[in-house]
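1. Pasting the sequence and the predicted model now:
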Amino acid sequence: MDRIMAIAHILGYPRIGEKRELKFTLESFWKNESSELVLHQTGCELRKTNWQKQQDAGLEFISAGDFSYYDHVLDHSVLFSATPTRFGFKGKALTQQDYFALARGNADQPAQEMTKWFDTNYHYLVPEFGPETEFLINAHEFLSQIDEAIATGAKVKPNLLGPVSFLYLGKSRAADFDRLSLLPALCAEYAVLLNELTYRGIEWVQIDEPALGLDLDQQWLDAYKDAYARIRNNRPKLLLTTYFESVARYAPNITALPVDGIHIDLVRAPEQLGVWLAVLPSHWVLSAGVIDGRNIWRNDLENTLETLIPVEKKLADRLWIAPSCSLVHVPVTLTHEQNLDAEIKPWLAFSDEKLQELNVLQQALTHGKESVKESLAASSNAILSRRLSTRVHDKKVSERLSKINTISPERTSSFVQRSTLQKQRLNLPLLPTTTIGSFPQTTDIRASRSAFRRSEISASDYQAIIQKNIRNAIEQQLQLDIDVLVHGEAERNDMVEYFGEQLAGYTFSQNGWVQSYGSRCVKPPIIYGDVYRPAAMTVEEARYAQSLTTRPVKGMLTGPVTMLQWSFVRDDQPRDQTALQLALAIRDEVDDLQKAGIAIIQIDEPALREGLPLQAGKWADYLAWAVRAFKLSASVADDSTQIHTHMCYAEFNDILPSIANMDADVITIETSRSAMELLDGFGEFKYPNEIGPGVYDIHSPRVPSVEAMEKLMERALQVIPADRLWVNPDCGLKTRGWPETIEALKNMVQTAKNLRLKLV
Ligand SMILES: Nc1nc2c(c(=O)[nH]1)N[C@@H](CNc1ccc(C(=O)N[C@@H](CCC(=O)N[C@@H](CCC(=O)N[C@@H](CCC(=O)O)C(=O)O)C(=O)O)C(=O)O)cc1)CN2
Ligand code: MET
Ligand SMILES: [Zn+2]
């Protein structure tokens, strides 16, 4: 006789579509090339397909409310009418254009700020709260998607971001404003919405509270108690979902909440299972996040069942099984992967394959392992094939790594000594101007690359096109009178993917796209084995660019921590080991570049901050290996070779000692959106080396004025001495068009010239 069904569910499904349908429909809508109707039709089809897949996989519920036309946190702000006051949308029924204005800005207002979703490469739109914020439920779009889901006939579990995490993830522009003062008013609207869902016959709602994975002070912990007490009446059952970290330390607070179950991430934090089994209230369900929602490796199902079977014995139908977090962080399907390495492909599981894995686990728990013995055997074979593969371990790499302690992470001389040598060699003016690396990735460049990939043009044709683009970038920069040039990165599809393609130990998908923000996607390359650099990766382009000018052209590399953070990484060795392998590969490239006569080498680390663990107790360990990896990649540089690094998208003030310890000769950082506030930390901390604080935001096509940039630089000059300051944009220009790029850089160079006159 069958026992009670084990319940399988997911926390969210990717919304971009198997072939990035959402991206293409969005971009054509924005260009006015297609209608709102087409946009909504595509949205509707994507949801329908996603739900069908979930039903086919035998999930107990289909997941609704996880779809978004841009970002689910933005949707949540709209759901409660909590859009920033500055847009003047109060009391107005938002149009589709209004919605995108919040996400992308309009003629009058810059977009809502965008920031990283916890330690992922997904970006959300930061809610803006203030004393004037009023909440009013505006659930038409949300409820119509729920109704659409209900109409499929399946059981529906709506997703909602929880009230405390929503407030936590927002920001206030008003000084000293306490966001928690908004909690009662916000919860009143949640209550209305939850009543509405009860009325629709919804049994369970998934309420995401990922803030519980962070270090919370007492005030925020208490807010949970208050919030959930306020929404306890006439509502569906609530599954409180947590992910990315252990929440065991808050178990006493969490178990006191009037909810009906908890989801925990057992991939990131398997050690918390014991705690939860011991304290789980007797009427709660426990949703075990056992399938990795952040990585693409096939699950070891036998192993997972070993964990689950005793739990199931104890909890019976109170055990639910799920991926560790929403699947938005992994690609959609392996179905279209024709070119994936045949040995490696069976080791992988994208979202659809993860649904299958859940299905097998559910069957095994319900009907016994016998019932799915073939699937279990296939899983075990894949795990074994990966473990025994001769392609994972490379003796040369392990030998080199075993001697890594003999390589000094320090440069030969101190910054002051290096600086003297570099000044002699480079002979730059005061407040040198530069850019961050990329110039516009035009449709032309992408189309040529695409044609080359499809073998429609030859390698030499493709190379000629890249050279033409490099030549153009150099000419433009010379005309603009920029001091330190870049080659423009035309040859790179994506900074990380490009290097991954040239390193051993990496493989790639054709279609493994993951949403980064809005319509922008990335295709993280896959590290499956020991990493090393078989041959020089950037020297040819750097040498060519340098041959066109007497001004210095920066060599342009991605650093080991960012390579790690933006790739799908091995789960069979600690991350720091992979980072060290990457560090040695980049180190080889730095050496080759300087041997080719390149005097300045930039090693980008935009993801260094993103990789920081969510709980402060783990920071020191991470920072130690991450900084060491960066330094090992740079320390091969001669004193007279100037090392730059670049970081964007982050608060740096809490890790300034580590940034200083990286000892790059120059760091360029994103500062313009915070009006140089960020630089105050560097001033207070007395950051010892040179800094280029970004003087304009590259995320908007708006051309900044000379006055605006001068003002920012004057602010910078108050905290950093002029002889250690550079003038540059916030980040690379790959997403911009040429005309606005030239106008903006013209003004930027003028800014530097004006200031030089004032300073002498
Ligand atoms: N990995 C990573 N993470 C990051 C960043 C980053 O640069 N890289 N920056 C921040 C986020 N910013 C981002 C900024 C831009 C894009 C972006 O523009 N992505 C492109 C894809 C880039 C790419 O790989 N382009 C391929 C082209 C892929 C493609 O669509 N090809 C078409 C053909 C295109 C054509 O014919 O024009 C096809 O194959 O069908 C290339 O240049 O080769 C996109 O969504 O469109 C992504 C993230 C933080 N995280
Ligand atoms: C996301 S950081 C980007 C750095 C890179 N060198 C560029 O200019 O695009
Ligand atoms: Zn950047």
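-> In hand now; what should we look at? Numbering: from 1, shown residues only. Ligands and ions are numbered 1, 2, ... in the order given.
2. C-alpha from now on. contacts and neighbour counts both.
-> Will do.
3. low-confidence ranges in the stretch 451-600 of the chain?
-> Within the stretch 451-600 of the chain, no stretch has pLDDT under 70.
4. Which helix or strand contains the closest residue to residue 564 other than its chain neighbours?
-> Closest residue in space to residue 564, ignoring its immediate chain neighbours: residue 579 at 6.2 Å, by Cα to Cα, 6 or more residues apart in numbering. Using DSSP states H and E, residue 579 falls within helix 575-595.
5. Beyond that helix, next helix or strand please.
-> Sequence-wise, the next helix or strand downstream of helix 575-595 (DSSP H and E) is strand 600-604.
6. tell me the angle of that following strand relative to helix 575-595?
-> Going by axes from the mean of the first three to the mean of the last three Cα atoms, to 10 degrees, strand 600-604 is angled at 160 degrees with respect to helix 575-595.
7. Give me the buried stretch members for strand 600-604, please.
-> By neighbour count on 16 or more other Cα atoms under 10 Å, the buried set for strand 600-604 is 600-604.
8. Name the nearest of these relative to ligand 1.
-> Lowest distance from ligand 1 to these (Cα to the nearest ligand atom) belongs to residue 604, with 10.7 Å.
9. Quick check: beta-bridge partners of residue 517?
-> Taking DSSP bridges as the rule, residue 517 bridges to residue 520.
10. pretty sure it is touching residue 120, no?
-> No - Residue 517 lies out of contact with residue 120 (Cα atoms under 8 Å); the separation is 11.4 Å.
11. for the buried residues of strand 600-604, which one is nearest residue 532?
-> residue 603 (17.2 Å; Cα to Cα).
12. okay, which residue is most central for the chain?
-> Nearest to the mean C-alpha position of the chain, by Cα atoms, centre = their mean, lies residue 121 at 0.5 Å.
13. okay if I get the buried residues of strand 600-604 as TSV plus distance to ligand 3?
-> Below are those laid out as TSV (distance: Cα to the ion, whole Å):
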residue	distance to ligand 3
600	18
601	16
602	12
603	11
604	8
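14. Including distance to ligand 1, could the residues you listed go into JSON lines?
-> What follows is the buried residues of strand 600-604, written out as JSON lines (distance: Cα to the nearest ligand atom, whole Å):
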{"residue": "600", "distance to ligand 1": "21"}
{"residue": "601", "distance to ligand 1": "18"}
{"residue": "602", "distance to ligand 1": "15"}
{"residue": "603", "distance to ligand 1": "14"}
{"residue": "604", "distance to ligand 1": "11"}
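15. Residue 434 versus the closest residue to ligand 2 within the chain, what's the distance?
-> Nearest residue of the chain to ligand 2: residue 732, at 3.0 Å (Cα to the nearest ligand atom). Distance of residue 732 to residue 434, given as Cα to Cα, to the nearest Å: 11 Å.
16. Looking at those two, which is more packed in?
-> Shown here are residue 732 and residue 434; by other Cα atoms under 10 Å, residue 434 has more neighbours (24 against 21).
17. By mean pLDDT, point me to the weakest helix or strand of this structure.
-> Among the helices and strands of the chain, helix 677-684 carries the lowest confidence by mean pLDDT, DSSP states H and E, at a mean of 80.
18. what about the host helix or strand of residue 691 and ligand 3, any contact?
-> According to DSSP H and E, residue 691 maps onto strand 690-693. No - judged by Cα under 5 Å from the ion, strand 690-693 stays clear of ligand 3, getting no closer than 11.8 Å.
19. Could you list every helix and strand in contact with that strand?
-> Secondary-structure packing of strand 690-693 (3 or more Cα pairs under 8 Å, 6 or more residues apart in numbering; DSSP states H and E): strand 666-669.
20. Can you pull out the residues in contact with the strand it packs on?
-> The contact list for strand 666-669 (Cα atoms under 8 Å, 6 or more residues apart in numbering) reads 436, 642-648, 689-694, 728, 730-731.
21. Then stretch 497-508?
-> 340-341, 391-392, 492, 523-535, 537, 558, 563, 567, 585.
22. if you set the cut-off to 7 Å instead, what comes out?
-> 340, 492, 524-534, 537 (Cα atoms under 7 Å, 6 or more residues apart in numbering).
23. how many neighbours does the residue in the stretch 401-550 of the chain positioned nearest to ligand 3 have?
-> Nearest residue of the stretch 401-550 of the chain to ligand 3: residue 436, at 7.1 Å (Cα to the ion). Neighbourhood size, residue 436 [other Cα under 10 Å]: 26.
24. How is it assigned, secondary-structure-wise?
-> Assigned state for residue 436: coil (three-state reduction, DSSP: H, G, I helix; E, B strand; the rest coil).
25. how about the nearest residue to it, chain neighbours excluded?
-> residue 732 (4.8 Å).
26. Pretty sure the one you found sits against residue 437.
-> Yes - using Cα atoms under 7 Å, residue 732 makes contact with residue 437 at a distance of 5.4 Å.
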